[in-house]
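Peer 1: Need the 3D shape of this:
(2 chains)
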There are 2 protein chains.
Amino acid sequence: MMSQTSRHFFEDFPPPNNFEHTTSKVESFVKQHQTGCKNVVLITSGGTAVPMESRTVRFIDNFSTGTRGAASTEYFLAAGYAVIFLHRAKSAKPFVRHFPEEKLLDLFVMPDETKSSSSAITVKPNESTRLARVLRAYHSASSSNSLLSIPFFSLQDYLYFLKSISDVLGQLEQKSMFLLAAAVSDFYIPRAEMPEHKMQSSEGPPEVKLSSVPKMLPVLIHQWAPEAFIVSFKLETDPKLLLLKSRKALDTYQHQVVVANILEERRRKVTVITSDSETELELSGEQMKDGKELEEVLVQDLVAKHGAFIQSAQGR
Amino acid sequence: MMSQTSRHFFEDFPPPNNFEHTTSKVESFVKQHQTGCKNVVLITSGGTAVPMESRTVRFIDNFSTGTRGAASTEYFLAAGYAVIFLHRAKSAKPFVRHFPEEKLLDLFVMPDETKSSSSAITVKPNESTRLARVLRAYHSASSSNSLLSIPFFSLQDYLYFLKSISDVLGQLEQKSMFLLAAAVSDFYIPRAEMPEHKMQSSEGPPEVKLSSVPKMLPVLIHQWAPEAFIVSFKLETDPKLLLLKSRKALDTYQHQVVVANILEERRRKVTVITSDSETELELSGEQMKDGKELEEVLVQDLVAKHGAFIQSAQGR
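Peer 2: So this is what the prediction gives:
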């Protein structure tokens, strides 16, 4: 049921090591929330690595912090969704992102050793209120088993997981959502072009021949999860091109939503585009200063649109 | 005073944004510890990114966790050294590495809200002893200003910082040490071969022409810091090649130490090689289980060798 080129891509690479184990975790996660009548969203996040050797030392990467995906995960959980968070290992993570490495060590207060009663390390009082809120949301997600985190490293692993999760999640039909926020590489190095071991510097600089990654979005939309609510992202630097290209993607692939971003203002403003609407979401300067996040507004809008989508399907 | 090729490399790329500011921080750091009669070690750590575009979205990377450099930093601080930690942003960091992301959120205990007296988040009691030790070492390094952390992203930034730090640190002559543990790329993409903007997928897959990075180790040893104590690393997968290649590096560059590692056993065993000695350092299974780190033993050995090096220079 896949296109020739996408099938060929999968045949060229073995699945990730933990593939079957992960797939069965996805199956029981989806089953649990299907029984519990929750909507389930797959959020993809971060960049994909393109290996240059079979036993990878070198790889091609693309810059992506993963903030959009990690923040959206928190707001979908708050909205009552179960979330599968498919993310590049080392990119931003929900809840953990509120404890940034640069400030982590200064968060702690050492126990006062002159008082025998207080022997525990504590978190600075002025940070405690904010972080208690984060920890409560984390504990709530953990205890209800509403968050399944799946890390990936390479483009190949990402696509294998995307396919297997889509196959399972697609069974929820309209109650499933896909938020495809990962920055996926357009290029890869076919196995035949890859040396097995680390390239030796003594052999001189290699020439690297890249190939185009087959487009998986149409396969996902039309074959893996044809009844789901699918949200893709478009990021451009040229505002004039942005709406044109977003509208074109929607026309070509016939899915539900394109979220359009301009690189420079993506933390402050996005446009949510559907076949018959265009919604600009923007934070004010004041809201930005107060630490409000655009993802809160974006998720609210997507949840509303998903609700309408489910209702209209039930009415058919 | 540089070789033709290394000068050409620097001329091809602009210095990092914060270059002058960072260099002046290095100058006052080294001056402080020169006055305080401390030895100062530069530790380089993590992999270097090779940009594929001038305004970098895509880059070539090489896998390196940075554990060796981050752990060594802690042990050098404990041995009374001042440390300049030149590291890839996002690789392992001293002290912070004891709070790994995967376990971070489960480290905290929420305040018991039924008791008004305890309103602070605390760290789990069974983790507190270990982490208090880490935090004490961190506070001691902070209050004595003994650790200067400089993050880098690209190969180019790394080499600019390496040169400017070497120029300053070299003035300490024998009292300076260089621990060159970073995994530096052998290849780069010359500016002339780089598009300015993100490559467009519609233009088809690009062909990437790499060039060899000029060897900076001989320039560092003979020109930037000719009196310093210099430690380089050699990592191989073939044990037979390892000692041969390490000995050859020492003969060619005429520096003080090569630390030889086999990839698979690098956490458990290294060989410290000088012109007239070969010291195998190895942890027992029991020591590994107790959480002892090879870097503790390695730093101890290097500190002793550095001490002898300083004494013999004074005796000349």
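Peer 1: A:Ile189 - how many residues pack around it?
Peer 2: 20 (other CB atoms under 10 Å in any protein chain shown). The way it works is simple: take the backbone N, C-alpha and C, and place the C-beta from them, glycine included.
Peer 1: any idea how far it is from A:Asp61?
Peer 2: Look at A:Ile189 and A:Asp61: by CB to CB, to the nearest Å, they are 13 Å apart.
Peer 1: Next, show the common contact partners of those two.
Peer 2: Residues touching both A:Ile189 and A:Asp61 (CB atoms under 8 Å, 6 or more residues apart in numbering or on different chains) are A:Val50.
Peer 1: any weak-confidence spans in the stretch 151-300 of chain A?
Peer 2: A:196-202 (pLDDT under 70).
Peer 1: Could you list the contact residues of the stretch 201-316 of chain A toward chain B?
Peer 2: A:Ser201, A:Gly204, A:Pro205, A:Pro206, A:Glu207, A:Val208, A:Lys209, A:Leu210, A:Ser211, A:Ser212, A:Thr237 (CB under 8 Å from any CB of the partner chain).
Peer 1: give the contact list for A:Glu173.
Peer 2: Here A:Glu173 is in contact with A:Glu227, A:Ala228, A:Ala313 (CB under 8 Å, 6+ apart).
Peer 1: I'd like those residues laid out as CSV, including neighbour count.
Peer 2: Listed next are these as CSV, based on neighbours: other CB atoms under 10 Å in any protein chain shown:
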residue, neighbour count
A:Glu227, 13
A:Ala228, 27
A:Ala313, 13
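Peer 1: Closest one of those residues to B:Tyr253?
Peer 2: Nearest to B:Tyr253 out of these is A:Ala228 (CB to CB; 59.5 Å).
Peer 1: measure that closest one to A:Ile84 for me?
Peer 2: According to CB to CB, A:Ala228 stands 12 Å off from A:Ile84.
Peer 1: Now the common contact residues for those two.
Peer 2: Counting by CB under 8 Å, 6+ apart, the residues touching both A:Ala228 and A:Ile84 are A:Leu169.
Peer 1: Chain B contacts on the stretch 1-150 of chain A?
Peer 2: By the rule CB under 8 Å from any CB, the part of the stretch 1-150 of chain A lying against chain B is A:49, A:52, A:56-63, A:90, A:93, A:95-96, A:99, A:101, A:104-105, A:108-111, A:119-123, A:125, A:128, A:131-132, A:135-136, A:138-139.
Peer 1: now with 6 Å?
Peer 2: For the stretch 1-150 of chain A, the residues in contact with chain B (CB under 6 Å from any CB of the partner chain) are A:57-63, A:95-96, A:99, A:101, A:104-105, A:108, A:110, A:120-123, A:125, A:128, A:135, A:138.
Peer 1: Where does A:Ser91 sit: helix, strand or coil?
Peer 2: Three-state call for A:Ser91 (DSSP: H, G, I helix; E, B strand; the rest coil): coil.
Peer 1: Help me confirm that it comes into contact with A:Gly46.
Peer 2: Yes - taking CB atoms under 6 Å as the definition, A:Ser91 is a contact partner of A:Gly46 at 3.2 Å.
Peer 1: So between these two, which is more surrounded?
Peer 2: Comparing A:Ser91 with A:Gly46 by other CB under 10 Å, the one with more neighbours is A:Gly46, at 29 against 21.
Peer 1: Quick check: phi and psi on the more buried one?
Peer 2: phi 90, psi 180 (degrees, to the nearest 10).
Peer 1: Next up, the contacts around A:Leu263.
Peer 2: Contact analysis of A:Leu263 by CB atoms under 6 Å, 6 or more residues apart in numbering or on different chains lists A:Thr237.
Peer 1: quick one, helices of the stretch 51-200 of chain A?
Peer 2: Shown for the stretch 51-200 of chain A, the helices assigned by DSSP state H, counting those that start in this stretch span residues A:67-78, A:101-104, A:125-143, A:155-169.
Peer 1: Please give me every residue in contact with the nearest residue to A:Phe233 once chain neighbours are set aside.
Peer 2: In this structure, A:Phe233 finds its nearest non-sequential neighbour in A:Val259, 5.0 Å apart by CB to CB, 6 or more residues apart in numbering or on different chains. Taking CB under 6 Å, 6+ apart, we find A:Val259 in contact with A:Phe233, A:Val270, A:Val272.
Peer 1: Just confirm A:Val259 is within a helix.
Peer 2: No - counting by three-state DSSP, A:Val259 falls outside a helix, being strand.
Peer 1: Would you mind measuring from it to chain B?
Peer 2: According to CB to the nearest CB, to the nearest Å, A:Val259 stands 19 Å off from chain B.
Peer 1: OK, contacts around A:Val83?
Peer 2: Going by CB under 6 Å, 6+ apart, A:Val83 touches A:Val41, A:Ile43, A:Thr73, A:Phe76, A:Leu77, A:Leu147.
Peer 1: Reformat these as TSV; add neighbour count.
Peer 2: Formatted as TSV, those follow (neighbours: other CB under 10 Å):
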residue	neighbour count
A:Val41	28
A:Ile43	27
A:Thr73	30
A:Phe76	26
A:Leu77	23
A:Leu147	22
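Peer 1: how about a markdown table for those residues, with pLDDT added?
Peer 2: Putting those into a markdown table (pLDDT from 0 to 100) gives the following:
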| residue | pLDDT |
| --- | --- |
| A:Val41 | 98 |
| A:Ile43 | 98 |
| A:Thr73 | 98 |
| A:Phe76 | 98 |
| A:Leu77 | 98 |
| A:Leu147 | 98 |
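Peer 1: Phi, psi for A:Arg266 please.
Peer 2: Main-chain torsions, A:Arg266, degrees, to the nearest 10: phi -70, psi -20.
Peer 1: how far away is it from A:Gly285?
Peer 2: A:Arg266 is 16 Å from A:Gly285, by CB to CB.
Peer 1: quick one: which of the two has more around it?
Peer 2: A:Arg266 (16 against 8).
Peer 1: follow-up on the earlier one: which of the residues of the stretch 201-316 of chain A next to chain B count as buried?
Peer 2: For these, a burial check counting by 16 or more other CB atoms under 10 Å in any protein chain shown picks out A:Pro205, A:Pro206, A:Val208, A:Leu210, A:Ser211.
Peer 1: What are the boundaries of the helices in the stretch 201-316 of chain A?
Peer 2: Assigned by DSSP H, counting those that start in this stretch, the helices in the stretch 201-316 of chain A fall at A:217-219, A:239-253, A:285-289, A:294-314.
Peer 1: Report the distance from the second one to the chain centre.
Peer 2: This points to helix A:239-253. The chain centre lies 21 Å from the centre of helix A:239-253; the measure is CA atoms, centre = their mean, to the nearest Å.
Peer 1: Packing partners of that helix?
Peer 2: strand A:229-236, strand A:257-262 (3 or more CB pairs under 6 Å, 6 or more residues apart in numbering or on different chains; DSSP states H and E).
Peer 1: For that helix, list every residue counted as buried.
Peer 2: Buried, per 16+ other CB under 10 Å, within helix A:239-253: A:Leu242, A:Leu243, A:Ser246, A:Arg247, A:Ala249, A:Leu250, A:Tyr253.
Peer 1: closest to B:Val168 among these?
Peer 2: Ranked by distance to B:Val168 (CB to CB), the buried residues of helix A:239-253 are led by A:Leu242 at 46.6 Å.
Peer 1: Quick check: the closest one vs B:Val272, distance?
Peer 2: Relative to B:Val272, and taking CB to CB, A:Leu242 is found at 57 Å.
Peer 1: repeat for A:Asp238
Peer 2: Noted for A:Asp238: a distance of 55 Å to B:Val272, by CB to CB.
Peer 1: Many thanks, I have nothing further to ask.
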